[in-house]
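*Asks:* okay, structure incoming, though there's no sequence with it:
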């Protein structure tokens with residue numbers, strides 16, 4: 001195995017031969033090297049998987065660049081709900097766009113690092129602030145954000161495009 005590194009004035013690049021495996025084998029558990037089939041999921045299947053996932057990633061624009069944050073969520077009547085704080089970039093953008101909302105993506109997955117089997121779902125749509133006080137109270141009871149900061153606001157994502165894949169043997 002070669003550990004040759006190619007030097008340039010700016011970077012040091014490892015060759016494919018010298019890179020460590022992406023996922024080290026767990027003690028006594030070999031990593032699967034069998035190629036996986038990709039099976040497209042229907043939107044309904046994808047949303048059902050998303051509803052059962054404990055966390056996901058919200059993708060939005062921050063200072064004209066993509067931003068990604070891990071969050072927990074709730075799927076309620078086909079919409080993805082997350083709690084946030086009123087001064088978050090996501091909440092501010094959603095509020096500024098009023099009834100139009102702001103385009104976001106929401107991604108969740110459950111892929112076993114040893115077998116390389118599992119699923120991944122992406123929902124893309126418009127994000128709106130939750131303005132109904134009763135709905136906000138309900139979401140505050142149902143969704144417990146992980147950060148230790150007050151999350152007094154919530155947003156709903158109305159998915160327009162839901163895609164998903166299952167990785168199988």
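*Replies:* Cool, got the structure. This structure is a prediction, so every number in the text was calculated from the model and none was measured.

*Asks:* mind listing the strands for the chain?
*Replies:* Per DSSP state E, the chain carries strands over the ranges 5-7, 12-14, 37-40, 56-62, 65-71, 74-76, 79-84, 102-111, 118-129, 153-168.

*Asks:* tell me which of those lies nearest to residue 145.
*Replies:* Of all the strands of the chain, strand 79-84 sits nearest to residue 145, with 5.0 Å by C-beta to C-beta. In short, each C-beta sits where N, CA and C put it, glycine included.

*Asks:* adjacent strands (with direction) for the closest one?
*Replies:* strand 74-76 (antiparallel), strand 153-168 (antiparallel) (DSSP bridges).

*Asks:* pick the most deeply packed of those.
*Replies:* strand 153-168 (a mean of 19; mean count of other C-beta atoms under 10 Å).

*Asks:* quick one: work out the angle between it and strand 102-111.
*Replies:* 40 degrees (axes from the mean of the first three to the mean of the last three C-alpha atoms, to 10 degrees).

*Asks:* I'd like the distance from strand 153-168 to the chain centre, please.
*Replies:* 9 Å (C-alpha atoms, centre = their mean, to the nearest Å).

*Asks:* mean confidence score for it?
*Replies:* Averaging pLDDT along strand 153-168 yields 97.

*Asks:* what is the orientation angle of that strand with strand 65-71?
*Replies:* Using the same axes, to 10 degrees: strand 153-168 against strand 65-71 is 90 degrees.

*Asks:* may I see the buried residues of stretch 64-84?
*Replies:* Buried residues in stretch 64-84, counted by 16 or more other C-beta atoms under 10 Å: 69, 71, 73, 74, 75, 79, 80, 81, 82, 83, 84.

*Asks:* if I look at the third one, how far off is residue 47?
*Replies:* Counting by C-beta to C-beta, to the nearest Å, the gap from residue 73 to residue 47 is 12 Å.

*Asks:* now swap in the last one and tell me
*Replies:* Residue 84 sits 21 Å away from residue 47, going by C-beta to C-beta.

*Asks:* next, count neighbours for residue 129.
*Replies:* Neighbourhood size, residue 129 [other C-beta atoms under 10 Å]: 22.
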